[in-house]
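# What follows is a protein structure lacking sequence information:
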């Protein structure tokens, strides 16, 4: 089980990745690791759904609807 410090570090790393515009698939943790959820949570704090879809080839999203 991940310790609090490891989870905090994962959140911060996810925020950094989101701020750089990295794809969410850049998460370094496997699906069974609690740090993955923390990393994705940090990533999501810096990105909107519309941004992520627009930048990574997703369907067109009306920003007014996404908000």
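In hand now; what should we look at? Since the structure is predicted, the reported quantities are computational estimates derived from the model, not experimental observations.
# tell me which element the residue most central in space within the chain is part of?
Within the chain, the residue whose C-alpha comes closest to the C-alpha centroid is residue 43; the distance, by C-alpha atoms, centre = their mean, is 2.7 Å. Secondary structure assignment for residue 43, by DSSP states H and E: helix 34-44.
# likewise residue 51?
Once you assign secondary structure using DSSP H and E, residue 51 falls within helix 49-55.
# What of residue 46?
With elements taken from DSSP H and E, nothing contains residue 46; it lies in neither a helix nor a strand.
# Would you confirm that it contacts residue 18?
Yes. With contact defined as C-beta atoms under 8 Å, residue 46 and residue 18 form a contacting pair (3.4 Å). Where you see a C-beta, it was placed from the backbone N, CA and C, and this is true even at glycine.
# What lies in contact with stretch 34-44?
Contacting residues not belonging to stretch 34-44 are listed as 1-2, 6-8, 10-18, 24, 27-30 [C-beta atoms under 8 Å, 6 or more residues apart in numbering].
# buried ones in that stretch?
Along stretch 34-44, the positions that meet the burial threshold by neighbour count (16 or more other C-beta atoms under 10 Å) are 35, 36, 37, 38, 39, 40, 42, 43.
# Now do that stretch, average pLDDT.
Mean pLDDT, computed over stretch 34-44, is 95.
# still on that earlier bit, in ChimeraX, select just the buried ones from the contacts of stretch 34-44.
Buried residues within these, as defined by 16+ other C-beta under 10 Å, are selected in ChimeraX through the command that follows:
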select :2,7,10,11,13,14,15,17,18,27,29
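# nearest residue to residue 42 other than its sequence neighbours?
Excluding the flanking residues, the one nearest residue 42 by C-beta to C-beta, 6 or more residues apart in numbering is residue 14, at 2.9 Å.
# how close does the one you found sit to residue 46?
Distance of residue 14 to residue 46, given as C-beta to C-beta, to the nearest Å: 8 Å.
# Point out where this structure drops to low pLDDT.
When the per-residue scores of the chain are filtered using pLDDT under 70, the ranges that remain are 1, 49, 52-53, 56-67.
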